[in-house]
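Student: what's the 3D shape of this:
(one chain, ligands or ions: 1)
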Amino acid sequence: MQLKKIKIGNIETPNNVFFAPLAGYSDAIMRSLCYTLGAGLCFTEMVSAKGLYYSPNASSDIIFTYPNEKIKAIQIFGNDPEFIKRAVDNPLIEKFDIIDINMGCPVPKIFSNGEGSALMQNFSLASKVIKSACQGSKPVTVKFRTGITDDKPLTRDFAVMAEDSGASLITIHGRSKTAVYSGECNYAEIEKAKNAVKIPVIANGGVFSVDDANRLIENTGADGVMLARGVLENPFLISNLTGFTPKFTLKQFILKQIELASERYGYERSAILLRKQMAFYLKGATGGKKLKEQVFSASNAGELINIIESSNCF
Ligand SMILES: Cc1cc2nc3c(=O)[nH]c(=O)nc-3n(C[C@H](O)[C@H](O)[C@H](O)COP(=O)(O)O)c2cc1C
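Tutor: The predicted model follows:
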């Protein structure tokens, strides 16, 4: 894929390879490491607009950032325009440059609350939410899916609504809400949306290799890609696309991640929090199953470091 800068309101990203909001994974540590691999833009995981208002301390890990995060983008979810406005005006998120609104989350608890992808069923409310976010001083981006079900795609019309409501960029996950995270990405739907709007369109879904990224861009005409699970399995997918020379080997990258997590979340808690991430790194690795068992039994960061250091999986 061809690298290019992306304009998001008054912000310009250095390239069009983005790292996705990923609940439980895209924390400040992962984001700052992804920036060292040349990521153009990284997003926090989704944070509740109401949660930010009523119990801001509960979101403190999500909204924590490191100074080396070149551009800071926070993802907010919610369906109440008033709370969205309060969130964008909240001094706690003043440091973020971009506000992304989640309109794609399929999780039953979120969907049944009328939030996340449920907003794709209610264009008028979705528009109010976006307009409300745009009342703040930051550019607003929106991430959504192809629709609720595969047989009733909404991609193009939702993209037009988002642009008309003031969004500066949209990211389209090329799957419906019912497909959740499986199946092929629907290129044609993303292409239709791309052809209908003037704002930049980022395509997302199923990119695990450079070839996947090339195919996604060629088939959709999108302006850039958003990488998600592909990076959790192999962070160097970012540098493979951006042409950056990584400063670390994968083993060093993982050890740095554990060290930073230990500092930030504590010696014991970090080992538990990193288990699922380690499982992604070990997917398909020779001897990975045994190592995964060891990783899951590590009770602190020191043990985890010893396990990773002595493994030949990386
Ligand atoms: C564990 C997990 C957590 C996710 N959390 C979020 C989130 O907080 N916000 C969001 O917009 N999407 C979230 N997503 C969706 C991803 O950002 C992305 O759209 C999806 O994984 C499809 O891309 P992929 O096929 O390349 O993984 C999550 C996905 C996974 C697997």
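
Student: which residues sit in contact with P139?
Tutor: 8-11, 97-99, 168-169 (Cβ atoms under 8 Å, 6 or more residues apart in numbering). (Each C-beta comes from the backbone N, C-alpha and C, glycine too.)

Student: which of those count as buried?
Tutor: 8-9, 11, 97-99, 168-169 (16 or more other Cβ atoms under 10 Å).

Student: Show me which helix runs longest in the chain.
Tutor: Ranked by residue count under DSSP state H, the longest helix found in the chain is helix 250-265.

Student: What's the first helix or strand after that helix?
Tutor: Using DSSP states H and E, the helix or strand that follows helix 250-265 towards the C-terminus is helix 267-273.

Student: which residues are in contact with that following helix?
Tutor: Contact partners of helix 267-273, identified using Cβ under 8 Å, 6+ apart, comprise 258, 261-262, 264-265, 298-304.

Student: what do you get if the cut-off is 7 Å, keeping everything else the same?
Tutor: 258, 261-262, 265, 298-301, 303-304 (Cβ atoms under 7 Å, 6 or more residues apart in numbering).

Student: In stretch 222-235, which residues are buried?
Tutor: Result for stretch 222-235 [16+ other Cβ under 10 Å]: buried residues 222-232, 234-235.

Student: now swap in stretch 215-224 and tell me
Tutor: Quick answer for stretch 215-224 (16+ other Cβ under 10 Å): 215-217, 219-220, 222-224.

Student: Over to stretch 51-63?
Tutor: By 16+ other Cβ under 10 Å, the buried positions in stretch 51-63 come out as 51-53, 59, 62-63.

Student: Now compare those and name the two farthest from each other.
Tutor: Distance extremes for the buried residues of stretch 51-63: the farthest pair is Y53 and I62 at 14.3 Å, using Cβ to Cβ.

Student: Once you drop chain neighbours, what's closest to I130?
Tutor: S165 (3.9 Å; Cβ to Cβ, 6 or more residues apart in numbering).

Student: Below-threshold pLDDT in this structure: ranges please.
Tutor: Within the chain, no range satisfies pLDDT under 70.

Student: Show me it divided up by domain.
Tutor: With domains defined by automatic domain parsing, the chain comprises 6-242, 250-309.

Student: mind putting the ones you listed in CSV, distance to the ligand included?
Tutor: Listed next are those as CSV, based on distance: least, Cβ to the nearest ligand atom, whole Å:
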stretch, distance to the ligand
domain 6-242, 3
domain 250-309, 8
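
Student: Just name the most buried of the ones you listed.
Tutor: Across the domains of the chain, averaging neighbours per residue (mean count of other Cβ atoms under 10 Å) puts domain 6-242 on top, at a mean of 20.

Student: No further queries at this time; thank you.
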